[in-house]
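K.L.:
turn this into a model:
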Amino acid sequence: NPTAETLLCGEAPGFHEDKQGIPFCGMSGKVLQELLASINLSRDDVFITNTILCHPENNRNPEKEEVENCRERLDQLIAIMQPKVIVTIGNFATERILGKKGISALRGKVFPKIIGACEVKIIPVIHPANYLYSGRNPQLFEQMKQDFQLIATQISIERKQKNLWDF
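P.N.:
Residues are numbered from 1 along each chain as shown. Take a look at the predicted model:
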């Protein structure tokens with residue numbers, strides 16, 4: 001949704017995403033859709049992209065050079081969209097957008113940041129792949145659902161603030 005006020009930014013396309021050209025269309029995408037549904041949102045309500053758009057060989061982590069090669073594209077996307085909320089999914093997106101590492105310590109918090117001329121709220125979340133790799137740990141999934149409740153709360157706050165300025 002190019003007019004969405006919420007941007008979700010993942011790491012890099014996986015195998016299925018690379019083949020289909022759609023971010024989060026594999027198993028991680030199914031988990032993401034379930035998390036979005038838990039706050040009454042769908043893919044149509046948000047804009048989803050990745051830090052880099054090329055699938056790293058053997059599903060390895062993106063290299064710094066790859067992240068830098070896609071820096072301008074992601075910056076331009078944010079400038080055009082002017083989202084009010086950016087959800088960074090996993091370590092790489094969080095480091096790229098927020099400039100901080102350690103998703104476990106950063107998740108569950110809202111970080112105000114000025115990007116370009118816009119104030120946005122950055123909300124780091126654990127990547128759905130972590131849940132899948134954990135053997136679908138139910139405690140981890142509950143923690144992820146709590147983070148998505150935080151996203152819903154922040155979206156609601158941003159909408160109320162926007163309505164205050166609408167005459």
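K.L.:
surely Ile22 is within a helix?
P.N.:
No: counting by DSSP: H, G, I helix; E, B strand; the rest coil, Ile22 is not part of a helix but coil.
K.L.:
quick check: the residue nearest to it when sequence neighbours are not counted vs Leu8, distance?
P.N.:
Spatial nearest neighbour of Ile22, chain neighbours left out: Gly29 (8.0 Å); criterion: CB to CB, 6 or more residues apart in numbering. Every residue, glycine included, has its C-beta placed from N, CA and C. Noted for Gly29: a distance of 11 Å to Leu8, by CB to CB, to the nearest Å.
K.L.:
ok, the two, which is more surrounded?
P.N.:
Leu8 (26 against 20; other CB atoms under 10 Å).
K.L.:
tell me which strands and helices the one helix or strand the more buried one maps to is in contact with?
P.N.:
Per DSSP states H and E: Leu8 is located in strand 6-10. Helices and strands touching strand 6-10, by 3 or more CB pairs under 8 Å, 6 or more residues apart in numbering; DSSP states H and E, are strand 47-50, helix 71-81, strand 85-89, helix 91-98.
K.L.:
show me what contacts the residue nearest to Asn69 when sequence neighbours are not counted?
P.N.:
Once flanking residues are discounted, Asn69 sits nearest to Ile52: 7.3 Å by CB to CB, 6+ apart. Ile52 sits next to Glu11, Ala12, Pro62, Glu66, Val67, Asn69, Cys70 when contact means CB atoms under 8 Å, 6 or more residues apart in numbering.
K.L.:
Asn61 in helix, strand or coil?
P.N.:
Applying three-state DSSP: Asn61 is coil.
K.L.:
ok, and the closest non-adjacent residue to it?
P.N.:
Nearest one to Asn61, counting by CB to CB, 6+ apart, is Phe92 at 6.9 Å.
K.L.:
just to revisit the earlier point, mind putting the helices and strands packed on strand 6-10 into JSON lines with mean pLDDT?
P.N.:
Converted to JSON lines, these look like this (pLDDT from 0 to 100):
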{"stretch": "strand 47-50", "mean pLDDT": "96"}
{"stretch": "helix 71-81", "mean pLDDT": "94"}
{"stretch": "strand 85-89", "mean pLDDT": "98"}
{"stretch": "helix 91-98", "mean pLDDT": "96"}
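K.L.:
out of these, deepest packed?
P.N.:
A comparison of the helices and strands packed on strand 6-10 by mean neighbour count, using mean count of other CB atoms under 10 Å, puts strand 85-89 on top with a mean of 26.
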